[in-house]
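**Q** structure of the sequence below:
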Amino acid sequence: MKIASKIFQAIGITAVVVCTVGGVKLFSAQQEAKAEVPHKDKPEPGIVKFAADAPQLSSLKIEFVREIALPVAEPVNGRMAYDENATARVSSPILGRVVKLFGEVGDRVERNAALLDIDSPDLATAEADWQKAKADEMRKKLAFDRAKNLFDHEVIARKDYESADADYQQAIAETRRVSSRMRNLHASGNENGKFRLRAPIAGVIADKQVNPGLEIRPDLPQPLFVITDISRLWIIADVSERNIADIKPGQDVNVETDAYPGQPFAAKVDRIGLALDQNTRRVQVRCVVQNPEKKLKPEMFARVFFLADGGKKGIQIPNTSLIVEGIYSYVFVEKLPGVFEKRRVKIALRDSDHSFIDNGVASGERVVTEGALLLQSEASSNAS
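**A** This next block holds a predicted model:
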């Protein structure tokens, strides 16, 4: 029995040794396996990272932001118009038929340049009346001189002398009338019924409503030509009553158009209306914009930003860039390719399409303008 007990005791000791050795090897293997698994860094708060080939990057639109002058209020709609101080609408002062054209839309013309020729019976009549009036004046002057000489020698009665004087004065008045008519027509009397319409000012032909052979008359509803200086335009904007106190003549203005997105045009307030429209409760404000490159066109719509005094500036971003959490607003800024930082910003002014930031983002940084919600979702997942 003692021998059997010793045998069982030896077997037990052997089993314990085997289990201990196996456990040590198992623990070592587990430690080696853990050592082989790379350590995953804990995400930084507010930082979203993507690999260079991550599909999420295709859903993002990233743009450089720039600093611009800060508006005093949200932009208002406006339209381009001719500068009426440098615009002439030319019509024919006489009835006739167009026989020749000298100008087309876009042509540059000088003052008194020929625009068209008209075959006009009315001009021929005016010429005939002028020649007749001059001949009649000369005849009655001779009659008056004879009557005066005879009256001085007491050959004729005073009433005959006065009658000759009256006839002569009437002839002078008639000559002046037809001469004024000829001057209005810029006619010299040698046109033989051919009237030439001329440009009253120098500029560019912006519109033409005439063709060869057209019958024209002075009372046409539309002018035949519009001549203007297109390098200077007016912008007519309707400003709400609550913002009119922030606007004054000479104030700087930025103008944006759909034709040239992201390209502001500098303008200045020229005139402010004296009364509000009783229906819209808005007052009309006229601005002047220089247009040396002829990019802006009359009747083009625009967004007008009236700028604050003192050179205050802000960063303009689209509203799609903003993430709102409670009372705070955030944007995502690209720090490195595929690395985005969530940053809190302060909004100075907001309209329906854009916001102006005066703190939180610097000019020249790259901001996510589309896909900010995707980055917000990734940032929330990292935080959890």
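**Q** drop to CA atoms for contacts and neighbour counts, all remaining ones
**A** Will do.
**Q** neighbours of residue 77, how many?
**A** 16 (other Cα atoms under 10 Å).
**Q** go on, residue 264?
**A** Using other Cα under 10 Å, residue 264 is surrounded by 16 other residues.
**Q** now for it: which residues touch it?
**A** Neighbouring residues of residue 264 by Cα atoms under 8 Å, 6 or more residues apart in numbering: 254-257.
**Q** out of those residues, which end up buried?
**A** The neighbour-count test (16 or more other Cα atoms under 10 Å) marks 254-257 as buried among the contacts of residue 264.
**Q** of the residues you listed, closest to residue 115?
**A** Nearest to residue 115 among the buried ones among the contacts of residue 264: residue 257, at 33.5 Å, using Cα to Cα.
**Q** just to revisit the earlier point, now render the buried ones among the contacts of residue 264 as a markdown table, adding secondary structure.
**A** Converted to a markdown table, the buried ones among the contacts of residue 264 look like this (DSSP: H, G, I helix; E, B strand; the rest coil):
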| residue | secondary structure |
| --- | --- |
| 254 | strand |
| 255 | strand |
| 256 | strand |
| 257 | coil |
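**Q** distance to residue 323 and pLDDT for those - can I get that in TSV?
**A** Formatted as TSV, these follow (distance: Cα to Cα, whole Å; pLDDT from 0 to 100):
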residue	distance to residue 323	pLDDT
254	27	90
255	28	93
256	25	90
257	27	92
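**Q** wait, residue 147 sits on residue 160?
**A** Yes: look at residue 147 against residue 160 with Cα atoms under 8 Å: they come within range, at 7.3 Å.
**Q** point out where this protein drops to low pLDDT.
**A** Within the chain, the stretches with pLDDT under 70 are 1-43, 189, 310-311, 383-384.
**Q** care to break the protein down by domain?
**A** 1-40, 47-69+313-383, 76-83+229-309, 93-227 (automatic domain parsing).
**Q** how about the helices in the protein?
**A** 2-36, 121-152, 158-184, 372-383 (DSSP state H).
**Q** packing partners of the second one?
**A** Using 3 or more Cα pairs under 8 Å, 6 or more residues apart in numbering; DSSP states H and E as the contact test, the elements touching helix 121-152 are helix 158-184, strand 194-198.
**Q** cutoff 7 Å now
**A** Helices and strands touching helix 121-152, by 3 or more Cα pairs under 7 Å, 6 or more residues apart in numbering; DSSP states H and E, are helix 158-184.
**Q** go through the helix it packs on and flag the buried ones.
**A** Buried residues in helix 158-184, counted by 16+ other Cα under 10 Å: 161, 164-165, 167-169, 171-172, 174-175, 178-179, 181-182.
**Q** cool, and stretch 344-352?
**A** In stretch 344-352, counting by 16+ other Cα under 10 Å, buried: 344-345, 347-350.
**Q** of these, closest to residue 245?
**A** For these, the nearest to residue 245 is residue 349 (17.3 Å; Cα to Cα).
**Q** hang on, the closest one packs against residue 358?
**A** No: if you go by Cα atoms under 7 Å, residue 349 and residue 358 don't touch, sitting 9.0 Å apart.
**Q** now do the strands in the stretch 201-350 of the chain.
**A** 203-208, 215-216, 225-228, 232-240, 252-256, 265-272, 282-290, 301-306, 313-318, 323-325, 328-336, 339-350 (DSSP state E, counting those that start in this stretch).
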